[in-house]
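Asks: no FASTA, just this:
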């Protein structure tokens with residue numbers, strides 16, 4: 001599957017690294033992937049291949065401060081930087097082709113995508129939100145530290161407190177994650193504060209404005225973003241939510257990934273028909 005790359009310049013002059021995969025022949029639809037915290041778009045190549053084989057043109061990009069994109073590592077001064085960057089990628093790609101397009105966000109990417117869908121921006125024809133932390137449970141001590149340091153020392157970085165087996169029951173997934181030189185295993189206090197406190201305070205209001213047909217998927221055994229973190233989305237009229245028994249955080253990397261992606265594709269076929 002051939003891959004092309006380019007960069008997109010943000011309004012504050014950062015270069016965002018983007019990837020694009022094309023099917024044989026003319027594509028019928030577009031799909032844009034937004035990855036999770038600390039990782040990068042290259043970890044979704046197999047997801048892109050799945051949809052390319054079904055006639056989609058697939059794009060993905062590294063969030064600012066992630067992967068090959070510019071910016072302080074896993075840091076933002078404002079959560080809106082992520083959402084504004086997403087709009088710039090959308091306007092330079094999927095929304096400019098004239099084809100039906102899908103927004104696919106995982107974890108932090110799912111939260112960014114949910115926020116994007118609730119605002120007045122160029123909207124997709126359908127959306128997939130995978131394990132989005134709309135209402136996460138942050139441990140009390142960590143939460144207090146984030147709220148203090150996020151204000152007074154926002155660029156202090158601390159390790160992300162999780163193990164590889166929380167991503168998937170396939171041990172090779174966690175091993176590859178921590179061996180990946182483009183994965184960043186720390187987060188700044190400012191990024192955590194902006195995401196889980198500043199943006200969180202408005203998130204429940206924002207998601208009520210989502211009108212795009214949206215499928216939320218979540219692993220029942222996800223201990224990184226507990227299933228309850230995406231539950232508020234189920235109350236939104238345009239949203240359907242499915243919880244997968246036995247699956248962990250990265251459902252697209254679980255042994256049942258083919259089943260999960262096939263069900264996502266079938267849902268999209270119905271939503272886009």
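Replies: Everything's here; your move. Remember, it's a predicted structure, so these values are computed and weren't measured experimentally.

Asks: residues contacting residue 90?
Replies: 32, 103, 121, 122 (CB atoms under 8 Å, 6 or more residues apart in numbering). Placement of C-beta: from N, CA and C, glycine included.

Asks: and with 6 Å instead?
Replies: residue 122 (CB atoms under 6 Å, 6 or more residues apart in numbering).

Asks: What helix or strand is it located in?
Replies: helix 80-91 (DSSP states H and E).

Asks: Show me which positions of that helix end up buried.
Replies: 81, 82, 83, 84, 85, 86, 89, 90 (16 or more other CB atoms under 10 Å).

Asks: what does stretch 96-104 give?
Replies: Going by 16+ other CB under 10 Å, stretch 96-104 has these buried residues: 99, 100, 101, 102, 103, 104.

Asks: Sheet partners, orientation included, of whichever strand or helix holds the fifth one?
Replies: I take that to be residue 103. Residue 103 is part of strand 101-106 when elements are defined by DSSP H and E. Here strand 101-106 is paired, per DSSP bridges, with strand 29-34 (parallel), strand 126-130 (parallel).

Asks: Redo those strands as TSV? Include mean pLDDT.
Replies: Below are those laid out as TSV (pLDDT from 0 to 100):
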stretch	mean pLDDT
strand 29-34	98
strand 126-130	98
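
Asks: now what about stretch 110-120, what contacts it?
Replies: Residues contacting stretch 110-120 (CB under 6 Å, 6+ apart): 34, 82-83, 86, 103, 105, 127, 129-130, 132-133, 206-207, 209-210, 212.

Asks: among those residues, which two are most distant?
Replies: 130 and 209 (20.7 Å; CB to CB).

Asks: Residue 229 contacts residue 137, doesn't it?
Replies: No - Residue 229 lies out of contact with residue 137 (CB atoms under 6 Å); the separation is 7.1 Å.

Asks: Pull out the buried members of the contacts of stretch 110-120.
Replies: Buried among those by 16+ other CB under 10 Å: 34, 82-83, 86, 103, 105, 127, 129-130, 132-133, 206-207, 210, 212.

Asks: mind checking the SS state of residue 37?
Replies: Recorded secondary structure, residue 37: coil (DSSP: H, G, I helix; E, B strand; the rest coil).

Asks: all strands of the stretch 51-200 of the chain, in order?
Replies: 56-61, 101-106, 126-130, 157-159, 186-188 (DSSP state E, counting those that start in this stretch).

Asks: Now the helix holding residue 90: average pLDDT?
Replies: Across helix 80-91, the average pLDDT comes to 97.

Asks: tell me the angle of it relative to strand 56-61?
Replies: When axes from the mean of the first three to the mean of the last three CA atoms, to 10 degrees is applied, the directions of helix 80-91 and strand 56-61 differ by 150 degrees.

Asks: can you give me the offset of helix 80-91 from its chain's centre?
Replies: Its chain's C-alpha centre and that of helix 80-91 lie 13 Å apart, by CA atoms, centre = their mean, to the nearest Å.
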